[in-house]
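K.L.:
predicted model, plus sequence, below.
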Amino acid sequence: CQPTFRVWAVAILGMCAFVSSMCRPPKLPGSMMQPRMTFPYLSRGGPHPPLLRSAPLLLLMLATAAAGLGFYVLPVHLVQHAQDNGITSGKASSLVSFFGVGLLAGRVPLGWLADWTGRRILVFAFVNMALSLANLLAALMETFLALATVAALYGLAAGGYVALTPTVVKEFTSTEALPQAAGLVYTAWGLMMMLGPPAAGLLYAQSSPPCYISAFCAAAGMLFIAGILVVALEGLLATQRRRKVEDPPAPRLSELPLPLAALPKYIEEGAGGPASGNPKGSRGGAAVEEVTEDDASSNPVEPSASVGHRDPDAERRCAEPGGGDAPEMAHQSPPEPRLSARPDEASRRRCL
């Protein structure tokens, strides 16, 4: 028997090593490479928000830790509880099969209920309450049929608990962070699950006469606390959604309409006039309205208003006697280019 066991152990370890070697990120082009996630998102400098600084995740981890203390108390100690109430060992052992039937039958209906209502977190809280109720009923029941019914009810709720946990995590995390977030939740659940059955056995041994009433009531209390924490999680997420609606973030430049999105770039790349001292295309220069051949017909400019143009009539008046103030007019500095508060269509086409 031992050589066969060793062969199977080596084969399983080899298969595990092969599967772990295949768990590598796919090779993608440089522009498509996703930044690698760090364990377990403790620092703020990475591309993802730190998971262990997320209030919803910490609250859910606390709820699953409380549920883990009472989750396996009933499956582990139900057989001994049945034997203490006069049920034969053969019948008492068959109660475990009712747990399995409930686990198989409960996952799909409770998952459908969560999807149909759209309130996955509240359905998850209902599952915690159902587990708590099953522990209380087990402490009061003494017959085989009653204990079998309680075991089936507990299995139904336990199957929904396992199926709904990742969907609850997805309610407040991204798809990239879901594996590690769900792993943290299951870790908190599993660590406390190891402590629950031994603590229940200690309560059973300390009671006089030995009975599981105190152990099952303690497990029911922990599961009830877990349900309350899950309801608090729903309230916390609702408050965060309300704050996002009341104070939405500023829209990005890519989300603006095309003319509005091109306007900052046009102003940024506009030519600066002589008064500003910025060359054309310098950053921070004001947008100057320019007249091109395309818009000359639609927006004509008088020759006297153009830059650097000499008016023959003005020069003739300067040459006549009595035109003392004419030279002063002739040597006026040319007018500065006009600043446009709104770019015309031709300039906007050049920007685009």
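P.N.:
Cool, got the structure.
K.L.:
need the nearest residue in space to residue 165, chain neighbours excluded.
P.N.:
Distances taken as Cβ to Cβ, 6 or more residues apart in numbering put residue 185 closest to residue 165, at 6.3 Å, once the chain neighbours are dropped. Quick note: C-beta positions are derived from backbone N, CA and C, even for glycine.
K.L.:
and the one you found, what pLDDT?
P.N.:
Per-residue pLDDT puts residue 185 at 92.
K.L.:
what's the local residue count around it?
P.N.:
Neighbours of residue 185 under the rule other Cβ atoms under 10 Å: 20.
K.L.:
you'd agree it is in a helix?
P.N.:
Yes - under DSSP: H, G, I helix; E, B strand; the rest coil, residue 185 sits within a helix.
K.L.:
contacts only, for it.
P.N.:
Taking Cβ atoms under 8 Å, 6 or more residues apart in numbering as the criterion, residue 185 is in contact with 57, 60-61, 64, 165, 169.
K.L.:
and residue 184, by the same measure?
P.N.:
Neighbours of residue 184 in contact, by Cβ under 8 Å, 6+ apart: 40, 51-52, 57, 61.
K.L.:
tell me which helix or strand comes right after the helix or strand residue 16 falls within.
P.N.:
Assigned by DSSP states H and E, residue 16 belongs to helix 2-22. Sequence order places helix 55-71 as the next helix or strand after helix 2-22, per DSSP H and E.
K.L.:
report the separation between the closest residue to residue 161 other than its chain neighbours and residue 108.
P.N.:
In space, and not counting its chain neighbours, residue 161 is closest to residue 127: 5.0 Å by Cβ to Cβ, 6+ apart. Applying Cβ to Cβ, to the nearest Å, the value for residue 127 to residue 108 is 14 Å.
K.L.:
okay, the two: which has more neighbours?
P.N.:
residue 127 (29 against 12).
K.L.:
got a list of what the more buried one touches?
P.N.:
110, 157, 160-161, 164.
K.L.:
and the next element down the chain from whatever helix or strand it lives in?
P.N.:
Using DSSP H and E, the element containing residue 127 is helix 120-140. Using DSSP H and E, the next helix or strand after helix 120-140 towards the C-terminus is helix 144-170.
K.L.:
from the contacts of residue 184, pick the one nearest residue 82.
P.N.:
When these are compared for distance to residue 82 (Cβ to Cβ), residue 61 wins out at 33.9 Å.
K.L.:
before we move on, which element is the closest residue to the closest one other than its chain neighbours in?
P.N.:
Excluding the flanking residues, the one nearest residue 61 by Cβ to Cβ, 6+ apart is residue 188, at 4.2 Å. Element membership of residue 188, judged by DSSP H and E, is helix 178-193.
K.L.:
what's the answer for residue 215, then?
P.N.:
Counting by DSSP H and E, residue 215 is part of helix 213-246.
K.L.:
elements contacting that helix?
P.N.:
Packed against helix 213-246 by the contact rule (3 or more Cβ pairs under 8 Å, 6 or more residues apart in numbering; DSSP states H and E) you find helix 55-71, helix 73-84, helix 120-140, helix 196-206.
K.L.:
ranking those helices by burial, who's on top?
P.N.:
helix 55-71 (a mean of 23; mean count of other Cβ atoms under 10 Å).
K.L.:
rounded mean pLDDT for that helix, please.
P.N.:
pLDDT averaged over helix 55-71 gives 93.
K.L.:
correct me, but residue 139 touches residue 212?
P.N.:
Yes - here residue 139 lies in contact with residue 212, judged by Cβ atoms under 8 Å, at a distance of 6.6 Å.
K.L.:
now for residue 171, how many residues are close by?
P.N.:
Residue 171, neighbours per other Cβ under 10 Å, totals 14.
K.L.:
I'd say it and residue 236 touch.
P.N.:
No - using Cβ under 8 Å as the test, residue 171 is too far from residue 236 to be in contact (10.9 Å).
K.L.:
so what sits against both of those two?
P.N.:
The contact sets of residue 171 and residue 236 overlap at residue 56 (Cβ under 8 Å, 6+ apart).
K.L.:
export the helices and strands packed on helix 213-246 to CSV and tack on distance to residue 151?
P.N.:
Shown next, in CSV, are the helices and strands packed on helix 213-246 (distance: least, Cβ to Cβ, whole Å):
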stretch, distance to residue 151
helix 55-71, 14
helix 73-84, 6
helix 120-140, 8
helix 196-206, 16
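K.L.:
and of those helices, who's closest to residue 224?
P.N.:
Closest to residue 224 of the helices and strands packed on helix 213-246 is helix 120-140 (Cβ to Cβ; 4.3 Å).
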